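Q: Pasting a predicted model and its sequence here:
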Amino acid sequence: MLSDPIVALATPPGRSAVAVIRLSGAGAFDVASRCLRPFSLTPPRTARRAHLLHPITAELVDDVLAACFPAPRSYTGQDLVEISTHGGLLVPAEAVAALLAAGTRLATPGEFTRRAVLNGKLDLVQAEATADLIDAGSPAQRRQALQQLERGLSRRLEALRAELLELEALIAYEIDFPEEDEGPVGAERVQRAWRAVRDRIAGLAATAPEGERLREGALLVIAGPPNAGKSSLFNALLGNERAIVTEIPGTTRDAIEAHAVVEGFPFRLVDTAGLRESTDRVEKLGIEVSRRYLGAADLILFCEAADGAGREEWDRSVRDEFLACCGAPAVLVETKIDLADHSSARPPDRLAVSVVTGAGLAELKRRLAEAAFGRLLSIGDVEPVVTRARHRMALQRALAEIDAFWSARTEGVDAAAAATHLRASVGALDDLIGVVTPDDVLDRVFASFCVGK
Ligand SMILES: Nc1nc2c(ncn2[C@@H]2O[C@H](COP(=O)(O)OP(=O)(O)OP(=O)(O)O)[C@@H](O)[C@H]2O)c(=O)[nH]1
Ligand SMILES: [Mg+2]
């Protein structure tokens with residue numbers, strides 16, 4: 001049912017000053033009136049102090065603040081009551097129990113936002129952004145989610161949709177009068193309009209790799225010979241002593257993964273076992289794990305020590321061959337620069353760092369953010385970005401259809417048939433915004449939501 005009254009705790013359980021409970025659906029005010037003394041609908045959207053009582057035992061549960069949001073001016077678009085109780089484990093749970101006894105049921109995960117979508121309060125992209133904003137772990141993620149929540153991406157998609165419809169209108173004459181040689185709209189104008197909208201859709205689709213990376217964090221794998229200072233650098237980027245550091249080559253055996261925010265961007269840092277030919281069984285397993293991470297990396301931070309540690313097996317050609325095999329772009333660093341012999345010239349492609357003096361670390365962070373998120377940095381926060389596989393796939397479908405339109409046109413297929421591809425392209429954008437959304441798509445979008453969202 002999509003309108004029955006539902007209730008859930010909107011804040012996490014645990015010790016806190018206040019907790020917020022939401023109640024939404026047809027009859028939500030009746031339910032609230034059975035538990036709140038006094039209960040008043042007016043003035044709407046105004047918090048009022050009340051006692052919350054159990055509707056059957058009449059036992060006082062808490063002293064609360066309650067606000068009523070009559071439909072359609074509420075988060076869900078339905079009648080909604082927001083109740084602030086005292087926090088902790090017991091009080092909010094008992095308040096929810098009282099509301100359940102008064103005739104509601106517990107919301108399923110994401111059900112409030114799902115109702116907001118079905119009632120047209122949010123589109124699907126905004127609903128996803130709501131979850132992303134809550135999950136944001138870095139400033140860049142928060143800005144991106146907020147921009148989507150404010151309809152930055154939705155507006156761009158609507159503009160693209162309007163351009164596709166205009167293109168369709170341009171060829172309407174050819175559909176109506178297929179026998180005429182040249183309609184009132186020149187072929188060039190149609191081509192220009194097609195090219196413009198095609199490029200704009202392709203441009204948006206091109207933000208997908210970094211956009212998806214922004215949601216998940218860039219996988220940055222720190223690799224290099226044993227004893228090169230990888231774990232030391234991992235700790236320095238993380239800001240705490242997570243990985244064990246010793247002067248013994250082969251200290252790190254297993255890969256260690258941790259979330260880090262670098263220059264405001266999210267990274268999944270991985271420290272790996274130093275790469276060398278080893279006969280030690282455990283170390284060999286660790287090196288195998290390193291290779292697997294390297295295969296999945298978005299970016300590799302390759303370390304070589306200025307004091308020559310671990311250099312024997314890693315001359316330049318071995319390193320270059322290794323990096324070429326990895327596939328991901330690499331940032332090269334020369335570690336332990338405080339130990340360097342200053343008379344020797346350093347190759348210009350490498351950034352010199354030291355975790356002892358802190359030299360080069362700020363520059364390294366900038367380079368990492370640039371390497372992993374350069375496109376996002378250059379387009380800034382104003383341009384919309386797509387951040388999910390769902391977005392990317394819909395745009396690719398829109399692009400394929402608009403290209404199919406052009407092929408059909410150049411191959412002399414009649415205008416009405418070619419125009420069906422434009423329709424399909426519009427349809428792909430509609431699916432993305434969530435104009436008409438089938439249940440299974442909604443199920444997938446809301447699968448990761450928690451109860452109370
Ligand atoms: N002077 C100096 N010593 C460093 C620096 N970075 C690391 N070291 C030292 O180098 C040694 C090896 O450092 P680790 O960070 O454990 O090196 P690793 O690459 O993780 O080594 P494995 O895990 O064995 O592959 C330790 O004794 C560190 O204290 C640095 O910037 N300056
Ligand atoms: Mg290590």
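A: Okay, I see it. Ligands and ions are numbered 1, 2, ... in the order given.
Q: Can you list the buried residues in stretch 196-209?
A: By neighbour count, and taking 16 or more other CB atoms under 10 Å as the criterion, the buried residues in stretch 196-209 are 197-198, 201, 204-205, 207-208. Just so you know, the C-beta spots here come from the backbone N, C-alpha and C atoms, and that holds for glycine as well.
Q: From the residues you listed, which land in helices?
A: Residues of these located in helices (DSSP state H): 197-198, 201, 204-205, 208.
Q: Just send these back as TSV, with distance to ligand 1 too.
A: What follows is these, written out as TSV (distance: CB to the nearest ligand atom, whole Å):
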residue	distance to ligand 1
Val197	51
Arg198	48
Ile201	45
Leu204	41
Ala205	39
Ala208	34
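Q: biggest separation within those, which pair?
A: Maximum pairwise distance among these (CB to CB): 17.9 Å, between Val197 and Ala208.
Q: Name the helix or strand for Val289, please.
A: Under the criterion DSSP states H and E, the helix or strand holding Val289 is helix 281-296.
Q: Tell me the gap between that helix and the middle of its chain.
A: For helix 281-296, the separation from the chain centroid amounts to 28 Å (computed by CA atoms, centre = their mean, to the nearest Å).
Q: What does the pLDDT read for the residue of the chain found nearest ligand 1?
A: Closest residue of the chain to ligand 1, CB to the nearest ligand atom: Gly274 (2.7 Å). Predicted confidence (pLDDT) for Gly274: 83.
Q: Leu238 too?
A: What the model reports for Leu238 is a pLDDT of 93.
Q: can I assume His54 is in contact with Cys35?
A: Yes: counting by CB atoms under 8 Å, His54 does reach Cys35; the two are 7.4 Å apart.
Q: what do the two both touch?
A: Common contacts of His54 and Cys35 (CB atoms under 8 Å, 6 or more residues apart in numbering): 61, 98.
Q: neighbour-wise, which of these two wins?
A: When neighbours are counted by other CB atoms under 10 Å, Cys35 comes out ahead of the other of His54 and Cys35, with 26 against 18.
Q: wait, isn't that one in contact with Leu99?
A: Yes: shown here, Cys35 and Leu99 form a contact pair, counting by CB under 8 Å, at 6.0 Å.
Q: so where do the helices sit in the stretch 1-150 of the chain?
A: Assigned helices in the stretch 1-150 of the chain, in chain order: 28-35, 90-101, 111-118, 124-135, 139-149 (criterion: DSSP state H, counting those that start in this stretch).
Q: Could you save those helices as TSV and add columns showing mean pLDDT and distance to ligand 2?
A: As requested, the helices of the stretch 1-150 of the chain are arranged in TSV below (pLDDT from 0 to 100; distance: least, CB to the ion, whole Å):
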stretch	mean pLDDT	distance to ligand 2
helix 28-35	97	57
helix 90-101	97	45
helix 111-118	94	43
helix 124-135	94	30
helix 139-149	94	28
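Q: The nearest residue to Arg253 once chain neighbours are set aside: how many residues sit nearby?
A: Spatially, and ignoring its direct neighbours in sequence, Arg253 is nearest to Gly286 (4.2 Å; CB to CB, 6 or more residues apart in numbering). Gly286: 21 surrounding residues under other CB under 10 Å.
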